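**Q** Could you work out the structure for the sequence below:
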Amino acid sequence: MRRKQLTVSYTKHFRENSSIYLFVIVLFLMGIIFGAIVVNSLTLGQKEDLYFYLNRFFGQMQSGEVANSTEMFQQSFFHNIKYLGLIWILGIAIIGLPVVLVLLFLKGMVIGFTVGFLVNQMGISGFALSFVSVMPQNVFLIPAFLILSTASVSFSLKLIRQQFFKGVNEHVSAAFFRYSGVMVAMLCLIACASTVEAYISPTLMKIMMSIINK
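**A** Got it, this is the predicted structure:
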């Protein structure tokens, strides 16, 4: 019975916010595309500098000079908590709505730039490397960002209707608890993403780099 109630609740949530989900997904994809395009606007010197630091990072990873897995997990977890926490806080403030959308766009841009730069500099090897270094943790992170951003936009719109439109009686308190519940649920996805980034991605990267350097 409990599982059935949750299924009905999730189905209702996605149905009621389908237009917002579509909007944030399109915005996120635009960020990825824009990030990939930005790579082509870099000068040769900028690309060489970035590639130098990238090679040095790969060298440090292969030699085991980077932070250990526990430290990487903590850094990743708290970084993502701060980012998603900021989105959650901005959802409570009416004026924070456009900032949430900007943050989502920037997240997509970072991913697009990272993958685009690796492919631009290393070709098919760069694509393979980006697949094992960027993709695994983002299987959890991207849904977390999309779901929380949608919940943030939806809650902000409820506050706007409550504040500026007479005759609208939104149950803001109940919506706030649901909104906070979404943030708590996203903590599980963040923990999964940080675990993958700290304990799995480095191993995959080492394997891929050893294949590329053969």
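**Q** which regions of this protein lie under the pLDDT threshold?
**A** Scanning the chain for pLDDT under 70 picks out 1-10, 13, 57-67, 165-170, 213-214.
**Q** hmm, 80 instead?
**A** 1-16, 42-69, 94, 161-174, 209-214 (pLDDT under 80).
**Q** Residue for residue, what is the longest helix it has?
**A** Ordering each helix of the chain by length in residues (DSSP state H) puts helix 135-164 first.
**Q** Buried residues in that helix, which are they?
**A** 136-138, 140-142, 144-159 (16 or more other C-beta atoms under 10 Å). Yep, even glycine has a C-beta here, placed from its N, CA and C like the rest.
**Q** and if you look at stretch 102-119?
**A** In stretch 102-119, counting by 16+ other C-beta under 10 Å, buried: 103-105, 107-109, 111-119.
**Q** which one of the residues you listed is nearest G31?
**A** Taking C-beta to C-beta as the measure, G31 lies nearest G108 of the buried residues of stretch 102-119, at 2.5 Å.
**Q** Enumerate every residue touching the closest one.
**A** When contacts are counted by C-beta atoms under 8 Å, 6 or more residues apart in numbering, G108 is found next to 27-32, 34-35.
**Q** now with 10 Å?
**A** For G108, the contacting residues are 24-25, 27-35, 142, 145-146, by C-beta atoms under 10 Å, 6 or more residues apart in numbering.
**Q** Could you give me the PyMOL selection string for whichever of those residues are buried?
**A** In PyMOL, a selection of the buried entries from the contacts of G108 looks like this (16+ other C-beta under 10 Å):
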select buried, resi 24+25+27+28+31+32+34+35+142+145+146
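**Q** I'd like the contacts of G108 written out as JSON lines, with distance to T70 added.
**A** Formatted as JSON lines, the contacts of G108 follow (distance: C-beta to C-beta, whole Å):
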{"residue": "V24", "distance to T70": "33"}
{"residue": "I25", "distance to T70": "34"}
{"residue": "L27", "distance to T70": "35"}
{"residue": "F28", "distance to T70": "30"}
{"residue": "L29", "distance to T70": "34"}
{"residue": "M30", "distance to T70": "36"}
{"residue": "G31", "distance to T70": "31"}
{"residue": "I32", "distance to T70": "31"}
{"residue": "I33", "distance to T70": "36"}
{"residue": "F34", "distance to T70": "35"}
{"residue": "G35", "distance to T70": "30"}
{"residue": "I142", "distance to T70": "25"}
{"residue": "F145", "distance to T70": "25"}
{"residue": "L146", "distance to T70": "29"}
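**Q** What is the nearest of the contacts of G108 to Y199?
**A** Nearest member of the contacts of G108 to Y199, counting by C-beta to C-beta, is I142, at 19.4 Å.
**Q** Find me whatever residue is spatially closest to A193, sequence neighbours aside.
**A** In this structure, A193 finds its nearest non-sequential neighbour in F140, 3.9 Å apart by C-beta to C-beta, 6 or more residues apart in numbering.
**Q** The one you found and A185 touch, don't they?
**A** No: applying C-beta atoms under 10 Å, one finds F140 not in contact with A185, separated by 12.0 Å.
**Q** I32 is in contact with V110, correct?
**A** Yes: with contact defined as C-beta under 10 Å, V110 counts as touching I32 (9.0 Å).
**Q** between those two, what contacts are shared?
**A** In contact with both V110 and I32: no residue, using C-beta under 10 Å, 6+ apart.
**Q** Great, nothing more from me.
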